[in-house]
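>>> Let's see this in three dimensions:
(chains A and B)
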2 protein chains.
Amino acid sequence: MSSIVAIGSMAFDTIETPFGRVSKALGGSANYFSLSASHFAPVKVVSVVGEDYPKEHLALLQKKGVDTKGIKIEQGRTFHWAGKYSYDLNEATTLQTELNVFQNFEPQLPPDYTDSEFVFLGNIVPALQMKVLDQVKNPKFIAIDTMNFWIESSRDALVKAISRCHCLIINEAEIRQLTQTHNVVKAAQIVRGWGPQITLVKRGEYGAMLFDHGEVFSLPALPLAEVKDPTGAGDTFAGGFVGYLASQSNFSLSRSALRKAVVYGNVMASFTVQDFGFTCLLQLEKKAVEERFRRFVELTSFDKE
Amino acid sequence: MSSIVAIGSMAFDTIETPFGRVSKALGGSANYFSLSASHFAPVKVVSVVGEDYPKEHLALLQKKGVDTKGIKIEQGRTFHWAGKYSYDLNEATTLQTELNVFQNFEPQLPPDYTDSEFVFLGNIVPALQMKVLDQVKNPKFIAIDTMNFWIESSRDALVKAISRCHCLIINEAEIRQLTQTHNVVKAAQIVRGWGPQITLVKRGEYGAMLFDHGEVFSLPALPLAEVKDPTGAGDTFAGGFVGYLASQSNFSLSRSALRKAVVYGNVMASFTVQDFGFTCLLQLEKKAVEERFRRFVELTSFDKE
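Reported below is the predicted structural model:
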């Protein structure tokens, strides 16, 4: 088992969906990713919070096997995101983004982070993602996530960052925007031309597609009668995916390992969408994860002869 | 193997997509359904065309094992549909609907049609769908399709027709509209309350979901680098689904049979979307169908242990 170094946001989220509203709840990509991935492998987080961030939560992360040494506490306020979803929960409308302490953040990896073999570059300005990469000594697997905001404001830097990674994890609408190509199969070919051998396309309630080894794997999401808030689902998915790969006793990016990692990504995301915030990830037990893996087997099995 | 009696439209279609345009090409739900289903089992079509409909095409259908005795040729013009798709090929915008000879159509089944054990009620006014049902003596399996137009104009008659069927085949947006429920899992439960044990939700490029035996099966569509025109994909899907069920030597609606039928539905639809019209269905050989079935196995397989 290897450890994962992950950069991303620690945030307060204000979210409105047709099923409820929360104000300044704990969120951010680093939180969702690490709480998901830590079910599989140790995670070392690189992030920054303000003085207003609850210390108890950092202690809770540590209890869950998440190394928080790399989380700086700076003067000022924590990153705040406000967003809204309509019944089509596949797309968020950003209402407000207050970068606050992220404005002048310079990530510095603690010495024992730099040996991590797995790296997750969560959704953050591409320049910061690259600063993390510069400090990791010998990574075996680097996955990068992003969002429309960086595609629009920092496309060149983003493509440069992507070209240094093994795997791009991205929304369907975003890969179209990034490659200026409507067809997702063709879009994934363009990304492959930039460097990453693996592209993972997140499709919200429609599941995910994995492009690797010149092949495609497609997995539907679990149909749920109750979906309350999709915030963090993508990072939770990435956590299950990278987490499963890091949990292997021998490093492998085989077709079989990658596909199983996609299933675990979907398994973890299916818990996150059932309620606001990441409470469910905190309470989740191994048994529930394995039970849901079996539900994906049931959901997708058919007689192949 | 049993025969399938199918009612639906025979039409001229004028279609515009970002990838091309065709004017008054042969189309209609009965054409797509029967050309797809006849790869698996004999089909007996109930429909009506005008004097302007090419007789050679009816002869061609017969060659493919489609019984055309139930297709009336009436004075006047054939049904004409004009529609348009944007890059989001999942939804058509209807530009024009000329019912023409369908306006006063009274379906009358030829005597040897009435013994068919499988019935497909293609997308047409619910009153006509019921008139077909009234004439079939001892059906074992009845599937019904519909569209937003009938949900809006004849909802009560439609729900009545659906309640007499074993299986509803419907688009995702349409089941939401029909049940006035956004969540598809809950929408399928409502439909089950009306009568049908089986609901098949078509999701365009995202595949299909099957609700039966209180379980869900979800199959992604085949990711294709070239998709030109989705017209008829839903009827082609229904043709593969009902056709496979009718092709069984012993009648079964087992979980295994239904799931495999869904895969064959998707297999057949994947051919239709690759070009305008149904030319590909006419040329399709058994070998190509089985090859594509294998591609679905490849697309969806993962290590289940």
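>>> show me the contacts for A:T146.
Taking CB atoms under 8 Å, 6 or more residues apart in numbering or on different chains, we find A:T146 in contact with A:N123, A:P126, A:L158, A:I162, A:I170, A:E174, A:L178. Where C-beta positions appear, they are placed from N, C-alpha and C, glycine not excepted.
>>> Look up phi and psi at the fourth one.
Its backbone dihedrals place A:I162 at phi -60, psi -40, with angles given as degrees, to the nearest 10.
>>> I figured it was touching A:Q197, is that so?
No - counting by CB atoms under 8 Å, A:Q197 is not a contact partner of A:I162; they are 12.0 Å apart.
>>> Could you check which of those two is surrounded by more residues?
A:I162 (23 against 16; other CB atoms under 10 Å in any protein chain shown).
>>> Averaged pLDDT, stretch A:27-36. What do you get?
The average of the pLDDT scores along stretch A:27-36 is 96.
>>> Contacts only, for A:K304.
By CB under 8 Å, 6+ apart, A:K304 lies in contact with B:V297, B:S301.
>>> what helix or strand does it sit in?
If you go by DSSP states H and E, A:K304 is not part of any helix or strand.
>>> residues touching A:N148, list them.
Contacts of A:N148 by CB under 8 Å, 6+ apart are A:A173, A:E174, A:Q177.
>>> in chain A, which spans are helices?
A:29-37, A:55-63, A:126-135, A:148-153, A:155-163, A:172-179, A:184-194, A:233-247, A:255-272, A:279-283, A:286-300 (DSSP state H).
>>> and the ones you listed, which is most packed in?
Highest mean neighbour count of the helices of chain A: helix A:29-37, a mean of 30 (counted as mean count of other CB atoms under 10 Å in any protein chain shown).
>>> can you list the residues of the stretch 51-200 of chain A near chain B?
A:Y87, A:H182, A:N183, A:V184, A:V185, A:K186, A:Q189 (CB under 8 Å from any CB of the partner chain).
>>> Excluding chain neighbours, what is closest to the fifth one?
If I follow you right, that is A:V185. Nearest residue to A:V185, sequence neighbours excluded (CB to CB, 6 or more residues apart in numbering or on different chains): B:A225, at 4.3 Å.
>>> just the first one next, same as before
On the basis of CB to CB, 6+ apart, the spatially nearest residue to A:Y87 that is not a chain neighbour turns out to be B:H182, at 4.7 Å.
>>> looking at chain A, which helix or strand is least sure?
Lowest by mean pLDDT, DSSP states H and E among the helices and strands of chain A is strand A:92-98, with a mean of 87.
>>> So A:Y264 versus A:G65, what's the distance?
17 Å (CB to CB, to the nearest Å).
>>> brain fart, A:M130
A:M130 is 27 Å from A:G65, by CB to CB.
>>> ditto for A:L281
In terms of CB to CB, A:L281 sits 13 Å off from A:G65.
>>> what's the answer for A:S9, then?
As judged by CB to CB, A:S9 and A:G65 stand 20 Å apart.
>>> per-residue confidence at the spatially most central residue of chain A?
Against the mean C-alpha coordinate of chain A, by CA atoms, centre = their mean, the closest residue is A:D235 at 2.4 Å. For A:D235, the model assigns a pLDDT of 96.
>>> Just to check, it is in contact with A:G27?
No - with contact defined as CB under 8 Å, A:D235 does not count as touching A:G27 (9.3 Å).
>>> Verify the stated contact: A:H80 with A:Q96.
Yes - shown here, A:H80 and A:Q96 form a contact pair, counting by CB under 8 Å, at 7.1 Å.
>>> what sits in contact with each of these two?
Taking CB under 8 Å, 6+ apart as the criterion, A:H80 and A:Q96 both touch A:T14.
>>> So between these two, which is more surrounded?
Just comparing A:H80 and A:Q96: by other CB under 10 Å the higher neighbour count belongs to A:H80, 19 against 9.
>>> how near is that one to chain B?
Counting by CB to the nearest CB, to the nearest Å, the gap from A:H80 to chain B is 29 Å.
>>> Next: A:K140.
In terms of CB to the nearest CB, A:K140 sits 21 Å off from chain B.
>>> What is the burial count for the closest residue to that residue other than its chain neighbours?
Spatial nearest neighbour of A:K140, chain neighbours left out: A:E117 (4.3 Å); criterion: CB to CB, 6+ apart. Neighbours of A:E117 under the rule other CB under 10 Å: 17.
>>> what's A:E117 in contact with, if anything?
Contacts of A:E117 by CB under 8 Å, 6+ apart are A:S2, A:S3, A:N138, A:P139, A:K140, A:F141, A:A246, A:F251.
>>> Let me know the pLDDT of the second one.
At A:S3, the predicted lDDT confidence score is 96.
>>> which residues does it contact?
A:A41, A:P42, A:V43, A:K44, A:D67, A:D115, A:S116, A:E117, A:F118, A:A246.
>>> for the closest residue to A:A246 other than its chain neighbours, phi and psi?
Excluding the flanking residues, the one nearest A:A246 by CB to CB, 6+ apart is A:A41, at 3.8 Å. With angles defined as degrees, to the nearest 10, A:A41 sits at phi -150, psi 160.
>>> I figured A:A41 hits A:G243, correct?
Yes - A:A41 lies in contact with A:G243 (CB under 8 Å); the separation is 5.3 Å.
>>> and for the two, which residues touch both?
Common neighbours of A:A41 and A:G243 (CB under 8 Å, 6+ apart) are A:I4.
>>> partner residues bridging A:G50?
With DSSP bridges as the criterion, A:G50 is bridged to A:E74.
>>> Do you know the pLDDT at it?
On pLDDT, A:G50 comes in at 97.
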